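Chemist: this one's sequence-less:
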């Protein structure tokens, strides 16, 4: 799921622009975001990081490898079978809310937690 910034920096919302996070996030959905903190780096969190073409990507944290400065996060779109490794230092934001075609929900609500188990 790539995303585009809706507001001048610092960003507060991104608009979804891809299919990799279906059924959690649909193209056109607005993603409420905030800067990431260490406490956010838990499996199931949807994290935002820059992709190879400098677009922002939102994928779900499924695990990690290594420790300290060498730590890499394993992230995957909900609609994908494969994952990517991303240095923890590359993570910019955590998704806190999704608003779009299927309504609005926070990632820590019952609906948001349900999507974590997919």
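Modeler: Here it is on my side, so go on. A quick note: this is a predicted structure, and the numbers were derived from the prediction, not measured.
Chemist: correct me, but residue 107 touches residue 93?
Modeler: No - look at residue 107 against residue 93 with CB atoms under 8 Å: they stay out of range, at 11.9 Å. Backbone N, C-alpha and C define where each C-beta goes, glycine included.
Chemist: strands along the protein, start to end?
Modeler: 2-5, 13-16, 30-35, 46-50, 56-65, 72-76, 84-87, 93-100, 103-106 (DSSP state E).
Chemist: where does this protein have its least confident helix or strand?
Modeler: strand 2-5 (a mean of 58; mean pLDDT, DSSP states H and E).
Chemist: just send the strands of the chain back as CSV, with distance to residue 116 too.
Modeler: Conversion of the strands of the chain to CSV gives the following (distance: least, CB to CB, whole Å):
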stretch, distance to residue 116
strand 2-5, 19
strand 13-16, 17
strand 30-35, 15
strand 46-50, 9
strand 56-65, 7
strand 72-76, 12
strand 84-87, 18
strand 93-100, 12
strand 103-106, 12
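Chemist: by mean pLDDT, show me the worst of those strands.
Modeler: With a mean of 58, strand 2-5 has the lowest mean pLDDT of those.
Chemist: can you give me the buried ones in stretch 106-118?
Modeler: Within stretch 106-118, the residues that qualify as buried are 107, 112, 115-116, counting by 16 or more other CB atoms under 10 Å.
Chemist: so which of those are in helices?
Modeler: The helices, defined by DSSP state H, take in 112, 115-116 from these.
Chemist: residue 22: which of the strands of the chain is closest?
Modeler: Among these, the nearest to residue 22 by CB to CB is strand 13-16 (9.7 Å).
Chemist: so which bits of that closest one are buried?
Modeler: Going by neighbour count (16+ other CB under 10 Å), the buried part of strand 13-16 is 14, 16.
Chemist: who does that strand pair up with?
Modeler: When pairing is defined by DSSP bridges, strand 13-16 lines up against strand 2-5 (antiparallel), strand 30-35 (antiparallel).
Chemist: contacting residues around the longest one?
Modeler: Surrounding strand 30-35, the residues in contact under the criterion CB atoms under 8 Å, 6 or more residues apart in numbering are 3, 6, 10-16, 25, 46, 48, 58, 92-100, 106.
Chemist: thanks again, I'm all set now.
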